[in-house]
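Trainee: next come a sequence and a model predicted from it.
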Amino acid sequence: MKPLDRILYFAKPHQRYLYLSILFNILYSVLNIFSVATMLPILGLMFGTMERVDTSVAPSYSGNIGDYFNYLKDLAYYSIQRSMDQYGAVQVLAVLCAITAGAFLLRNIFRYLGAFLLVNYRVKITRDLRSAMYTKFLNLPVSFFTEQRKGDMMSRISNDIGAVDNGIMGSLVDVVNSPFMILTSLVTLFFLSPELTFFSLLVFPVMGWIISVVGKSLKRQATSAQEELGNLFSLVDETLKSSKIIKIFNADRILTNRFEKTTQRWQNFAIGMSRRRELASPMSEFLGSVTILLITWFAGVQIITEKSMDPETFLVFIAIFFQILDPAKKLSNAISSIQGGMASLDRVSEVLDYDLKVGESASPIDPKGFHESIIFDKVGFSYNPDGGRTVLEDFNLTVYKGMTVALVGQSGSGKTTVANLLTRFYDVTSGALLLDGINIKELDLKKYRDLIGMVTQESVLFNDTVYNNILMGKQDATQEQVYQAAKIANAHEFIMGLSEGYHTNIGDDGGKLSGGQKQRVSIARAVLKNPPIMILDEATSALDTESERMVQLALENMMENRTSLIIAHRLSTIQKADLILVMDQGRIVEQGTHSVLYSQNGMYRKLVDLQNFG
């Protein structure tokens, strides 16, 4: 989707605000001209240049649209003259001033209403755009986040959308207001003096061309600045997560230098962008000043030599022309801001348009539970199908319901990849993965994942209470069900010992808990979900012996009557597995039970002996 089409797409539900704003801005523009035009008879009365009007015959309209403005002018002067004859010039002057004041009041009320409605329009579009991007983050495959920097994604949803809001949406007020103001002013100027109006318009095409050149260079600078800001966010994210390593290796100087180089590059781009943006305003102001001087010269010739224009008409002409300069200046600044915002909109669109590599079938099938088996049929996988290293090759495995299957092998042998394929974090490159005889690509993805629970080596917890972290496994669970899940995970006792029990906030990434405690909360969350298929990805490898014993007991409780896939480094935890697969470089090199594999004196025996376990 093109960037501007995307803005229009998000704007569609809120168009009523735009239409009402346009209405009020039209009224504002008309009253703005009317309030200035009423100064014409006021100045004529003050300067004594207004000639007496014959009130014996009322003005008549010829029917020619070109004469309509002159008819209104004659009618106004006819009415003023009659009022002057009846009430006197001073009283009429007071009434005209009151009418002008009322016009100024109404025009500013309409201006406020138009701007207020546009603010609603702008903010609601920005909210929807940010919500759409967050939803996209939730739907993006795991592969996206392994390829992209998290800091850059944070920059896009915060700074880039902020730049879209300020640069594009923030300029909407001027983009909507200014054309109406310019158009109504030009029409009025044309009726006041066609020759002077045509003369004054000579400089506008030049102004537009110069501003467009500045705007294009501004977009290039803004793109580079936003990319550097993404790099800066990534560096800050890494620093906050790696503070212990930075301190123990005294790496602060390295990171400071890296940060300084990034901020220096961002500074250069930001200064260049600001320089070009600020150039638009004085440039348009200078061109406007030149235009005023040229108009003054041209009008002066008409007044002094040709006597074809009244002084008060010239003053009103200049006043209305000045009404054009301000919206023209705002419009030029808005165009420059929009060019800068377009760079950020391109970066936002890049995420929103990202092709979901793990997609659903056009007519997905509801799996309706797990009944028979999971089959890996000649599965092959590569993270980069266009020539990348093959991670799995000709992988065949049948897991019947209720079985516990363990995957062992050295790092990089493809164990975690098997789990990633089963969860559909990635799709197989070749072969097929079947659930009860149906290719999982044909299944409804959300309902398929409802059948799977997962406990990983690194416990992923949220900055919330223990209760809410466990509740994520099943949002409609009762308190008793949450407590029961915690008891199965051997977590209830330590949770009750926390300062506020289940309602204790565990901090960012569960930082207030020990490794074993975090893992047991993760297990409780998986238990509460109560899925028929459970994946354990090295769930105890990062724990001490005591914590491992507690977690292992919790895992055994959880795996009862479930189909389990275990990825393990500590082979002592998989003795009871129904089937153990030994993997090497993406292939199964040995398979069997613990006793069978140990007696074969193969790779599994070597791995066991290395861990002093027999």
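Mentor: Cool, the structure landed. Residues are numbered from 1 along each chain as shown.

Trainee: all contacts plus neighbour counts: C-alpha atoms, from now on.
Mentor: OK.

Trainee: what separation do you get for the closest residue to K529 other than its chain neighbours and Q15?
Mentor: Spatial nearest neighbour of K529, chain neighbours left out: G473 (4.5 Å); criterion: Cα to Cα, 6 or more residues apart in numbering. According to Cα to Cα, to the nearest Å, G473 stands 40 Å off from Q15.

Trainee: tell me the secondary structure for the residue nearest to K529?
Mentor: coil (DSSP: H, G, I helix; E, B strand; the rest coil).

Trainee: contacting residues for it?
Mentor: By Cα atoms under 8 Å, 6 or more residues apart in numbering, the residues touching G473 are 525-529.

Trainee: tell me the spacing between it and P532.
Mentor: 14 Å.

Trainee: what is in contact with the two at once?
Mentor: With Cα under 8 Å, 6+ apart, G473 and P532 have no common neighbours.

Trainee: contacting residues around stretch 108-118?
Mentor: By Cα under 8 Å, 6+ apart, stretch 108-118 touches 17-18, 20-25, 27-28, 172-173.

Trainee: pick out the most distant pair among the residues you listed.
Mentor: Using Cα to Cα, the contacts of stretch 108-118 span at most 17.5 Å, a distance reached by L27 and L172.

Trainee: who has more neighbours out of those two?
Mentor: L172 (23 against 18; other Cα atoms under 10 Å).

Trainee: which element is the more buried one on?
Mentor: L172 belongs to helix 172-192 when assigned by DSSP states H and E.

Trainee: likewise for F144?
Mentor: helix 142-147.

Trainee: which is the next helix or strand following that helix?
Mentor: helix 150-155.

Trainee: now that next one: average pLDDT?
Mentor: Mean pLDDT, helix 150-155: 75.

Trainee: mind saving the C-alpha coords of it as PDB?
Mentor: What follows is helix 150-155, C-alpha atoms only, in PDB (Å, rounded to 0.1, in the frame of the first residue of the first chain):
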ATOM      1  CA  LYS A 150      14.400  -4.300  18.600                       C
ATOM      2  CA  GLY A 151      15.600  -0.800  19.200                       C
ATOM      3  CA  ASP A 152      14.800   0.100  15.600                       C
ATOM      4  CA  MET A 153      11.300  -1.300  16.000                       C
ATOM      5  CA  MET A 154      10.800   0.800  19.200                       C
ATOM      6  CA  SER A 155      12.000   3.900  17.200                       C
END
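
Trainee: helices or strands up against the next helix or strand after that helix?
Mentor: Counting by DSSP H and E, the next helix or strand C-terminal to helix 150-155 is helix 161-167. Judged by 3 or more Cα pairs under 8 Å, 6 or more residues apart in numbering; DSSP states H and E, helix 161-167 is in contact with helix 89-139, helix 311-352.

Trainee: any idea how far I33 is from S193?
Mentor: 15 Å.

Trainee: between the two, tell me which one has more neighbours.
Mentor: Under the neighbour definition other Cα under 10 Å, S193 and I33 were set side by side, and I33 has more, 22 against 16.

Trainee: just the element for the more buried one, please.
Mentor: Judged by DSSP H and E, I33 forms part of helix 15-37.

Trainee: tell me where the stretch 351-500 of the chain has strands.
Mentor: With DSSP state E, counting those that start in this stretch as the criterion, the stretch 351-500 of the chain has strands at 373-382, 390-400, 404-409, 430-435, 438-439, 452-456.

Trainee: turn these into a markdown table, columns for distance to D609.
Mentor: Formatted as a markdown table, these follow (distance: least, Cα to Cα, whole Å):
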| stretch | distance to D609 |
| --- | --- |
| strand 373-382 | 30 |
| strand 390-400 | 26 |
| strand 404-409 | 14 |
| strand 430-435 | 34 |
| strand 438-439 | 39 |
| strand 452-456 | 26 |
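
Trainee: among these, show me which one is buried the most.
Mentor: Among those, strand 404-409 has the highest mean neighbour count (mean count of other Cα atoms under 10 Å), at a mean of 25.

Trainee: quick one: strands adjacent to that one?
Mentor: The strands beside strand 404-409 in its sheet (DSSP bridges) come out as strand 563-567 (parallel), strand 579-584 (parallel).

Trainee: quick one: those as JSON lines, columns for distance to N439 too.
Mentor: Shown next, in JSON lines, are these (distance: least, Cα to Cα, whole Å):
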{"stretch": "strand 563-567", "distance to N439": "18"}
{"stretch": "strand 579-584", "distance to N439": "23"}
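
Trainee: domains in this protein, by residue range?
Mentor: Structural domains assigned to the chain are 3-352, 373-610, following automatic domain parsing.

Trainee: so where's the stretch 301-450 of the chain shaky on pLDDT?
Mentor: Filtered on pLDDT under 70, the stretch 301-450 of the chain yields the residue ranges 302-313, 325, 356-359, 385-388.

Trainee: can you count the residues close to L23?
Mentor: By other Cα under 10 Å, 15 other residues sit near L23.

Trainee: hmm, I was thinking of V57
Mentor: 8.

Trainee: could we number from 34 for the rest of this?
Mentor: Shifting the count to begin at 34 puts that one at V90.

Trainee: phi and psi next, for it.
Mentor: phi -130, psi 130 (degrees, to the nearest 10).

Trainee: which residue comes closest to S377 once chain neighbours are left out?
Mentor: That would be D193: by Cα to Cα, 6+ apart, it lies 4.8 Å from S377.

Trainee: what's the separation between the one you found and V384?
Mentor: Relative to V384, and taking Cα to Cα, D193 is found at 11 Å.

Trainee: helix or strand with the lowest mean pLDDT in this protein?
Mentor: Every helix and strand in the chain was compared by mean pLDDT, DSSP states H and E; the lowest is helix 276-281, with a mean of 60.

Trainee: for the stretch 34-183 of the chain, give me the ranges with low pLDDT.
Mentor: Using pLDDT under 70, the stretch 34-183 of the chain drops low at 34, 36-37, 69, 72-87, 98-103, 179-180.

Trainee: neighbours of T168, just the number please.
Mentor: 12.

Trainee: need the contact list for it.
Mentor: Contacts of T168 (Cα under 8 Å, 6+ apart): none.

Trainee: drop anything exposed from the contacts of stretch 141-151.
Mentor: Among the contacts of stretch 141-151, the ones that count as buried by 16 or more other Cα atoms under 10 Å are 50-51, 54-55, 57-58, 60-61, 205-206.

Trainee: which one of the residues you listed sits closest to V461?
Mentor: Nearest member of the buried ones among the contacts of stretch 141-151 to V461, counting by Cα to Cα, is L205, at 46.9 Å.

Trainee: now the closest one: closest residue in space that isn't a chain neighbour?
Mentor: With Cα to Cα, 6+ apart, the residue lying closest to L205 is L151, at 7.2 Å.

Trainee: and for I40?
Mentor: I158 (7.7 Å).

Trainee: number of nearby residues for that neighbour?
Mentor: For I158, using other Cα under 10 Å, the count is 22.

Trainee: same list (the strands paired with strand 437-442) but as CSV, adding distance to K183, mean neighbour count and mean pLDDT.
Mentor: Listed next are the strands paired with strand 437-442 as CSV, based on distance: least, Cα to Cα, whole Å; neighbours: other Cα atoms under 10 Å; pLDDT from 0 to 100:
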stretch, distance to K183, mean neighbour count, mean pLDDT
strand 596-600, 27, 25, 88
strand 612-617, 32, 22, 90
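
Trainee: chain center to stretch 553-562: distance?
Mentor: 32 Å (Cα atoms, centre = their mean, to the nearest Å).
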